[in-house]
Structures are given as structure tokens and as C-alpha cells.
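> next comes the sequence, and after it the predicted model I'd like to discuss.
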Amino acid sequence: MPVAVLDARSAHAVGMQRLRESYRAVPATAPIRLAKSTSNLFRTRATNSAKGLDPSGLTGVIAIDVAARTADVAGMCTYDDLVAATLRHGLAPLVVPQLKTITLGGAVTGLGIESTSFRNGLPHESVLELDILNGAGEIITASPGQNADLFRAFPNSYGTAKRVTPRRSSTTTTSRTGSTSGCSGRR
């Protein structure tokens with residue numbers, strides 16, 4: 001049985017509705033972009049006065065299914081928040097980016113190229129299902145079995161295929177105790 005905050009799914013639904021409404025409010029001549037104040041880019045960004053997509057309601061962990069070892073998350077959920085939520089259940093994401101404020105949506109659209117795991121690949125390879133806001137303002141669910149072409153094409157799209165909110169991601173069990181033998185810091 002999934003572990004969830006009672007109203008997390010309702011809050012996520014409200015966030016998705018807010019995202020759709022903000023999409024409809026973007027002028028036809030304006031570029032589609034996320035209206036967020038932060039970025040993990042280390043370069044100056046041009047200011048843009050046009051309204052953008054409001055992702056403010058899509059920031060958390062929706063549910064964790066301990067038995068299935070999956071987490072339902074919102075696209076703007078940071079890995080810092082996902083790790084904190086999953087560790088409480090003895091789980092962790094299969095790949096954790098180096099920058100803790102990277103979001104799951106950002107890791108999927110940009111391949112999370114700053115992070116990889118020898119065993120588990122890149123961050124997008126642990127995503128099982130995506131909700132994608134398409135150019136018509138519709139939310140489309142994509143997975144290996146549903147809208148599979150879109151699911152496979154989305155990683156590394158950098159938002160050109162519109163915006164994503166990863167909905168289900170694999171996790172792995174983790175040990176709360178570990179050995180530090182042989183890790184003296186010296187060679």
C-alpha cells in the first residue's frame with residue numbers, strides 16, 4: 001500500500017490545473033517557459049516580461065509505494081526532497097544528481113548529464129511514467145506502454161517537447177548503516 005500525505009494527490013491535481021491555466025494565459029507570441037525564480041544554470045539569463053508556466057504546485061513527493069519501490073513525484077520536486085522522503089522508508093532514487101536542487105523534471109529533460117550511476121544509468125532511465133504538457137495545453141501520460149514514442153523521445157528534449165512532470169520513478173533499497181573500513185581518506 002502506498003504511503004502518502006492524505007491530500008498530496010489533491011494538491012498535485014490543483015498544481016496541474018494551475019499549470020494548464022498558466023499555459024492558456026501565455027500570449028501566443030511569447031515563448032513557453034517555466035515561471036520560476038531559480039535556476040541551476042551558471043550563466044546570466046535574459047529577463048523575460050511575458051508570463052510563464054506556473055509550476056508552483058508541482059514541487060513535492062506525492063506518494064511512496066514501499067513494496068513496489070516507486071515514488072510518485074511532481075516535476076518540480078527536487079532530488080533533495082525526494083531523497084529525504086524516500087530515506088524515511090529505507091529507499092533512495094536509483095541515481096542522485098550532484099546538485100541537490102536539480103528537479104526530476106529538469107533531470108529528465110536535460111538527461112541529468114551531471115549525474116550517472118554505473119549500475120543504474122542516467123536519472124531519466126529510472127522514470128517509469130511521465131505527464132507531459134503538450135503544445136495544445138493537454139496533459140498526456142507517457143510510459144513504455146502508453147504513448148511510448150513520446151516517452152522515449154522526451155529525455156534530452158530540453159523542453160522542446162513541452163514540459164514534463166515525472167509521475168512515477170523507481171527507487172532502490174538502501175542500507176541505513178554502512179561500513180567505512182578502508183576509507184581512511186589516504187591512499
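Nice, I can see it. Note that the structure is a prediction, hence the values are computed from the model and not measured. Numbers count the residues shown, from 1 in each chain.

> quick check: G112 is in a strand.
No: G112 is assigned coil when assessed by DSSP: H, G, I helix; E, B strand; the rest coil, not a strand.

> that one: what's it in contact with?
With contact taken as CB atoms under 8 Å, 6 or more residues apart in numbering, G112 is in contact with V95, P97, I102, G106, L122, P123, H124. Quick note: C-beta positions are derived from backbone N, CA and C, even for glycine.

> so which of those is the most crowded?
Using other CB atoms under 10 Å as the neighbour definition, the contacts of G112 reach their maximum at P123, which records 29 neighbours.

> what is the burial count for N147?
Here the number of neighbours of N147 (other CB under 10 Å) works out to 16.

> who does the closest residue to it other than its chain neighbours form a beta bridge with?
Residue nearest to N147 in three dimensions, not counting chain neighbours: I140, with 5.9 Å by CB to CB, 6 or more residues apart in numbering. According to DSSP bridges, the residues that bridge with I140 are I132.

> now the most centrally placed residue in the chain: how far from V26?
For the chain, the residue whose C-alpha lies nearest the mean C-alpha position (CA atoms, centre = their mean) is L104; its distance is 2.0 Å. Distance check for L104 against V26: by CB to CB, to the nearest Å, it reads 23 Å.

> how about D131?
According to CB to CB, D131 stands 19 Å off from V26.

> now the element after the worst-scoring helix or strand of the chain on mean pLDDT, going C-ward?
Across the helices and strands of the chain, mean confidence by mean pLDDT, DSSP states H and E is lowest for strand 3-4: a mean of 50. Next along the chain after strand 3-4, taking DSSP states H and E as the criterion, comes helix 8-25.

> my guess is G60 meets C77, correct?
Yes: shown here, G60 and C77 form a contact pair, counting by CB atoms under 8 Å, at 5.7 Å.

> ok, those two, which is more surrounded?
Neighbour comparison, G60 and C77: the larger count goes to C77, with 23 against 18 (by other CB under 10 Å).
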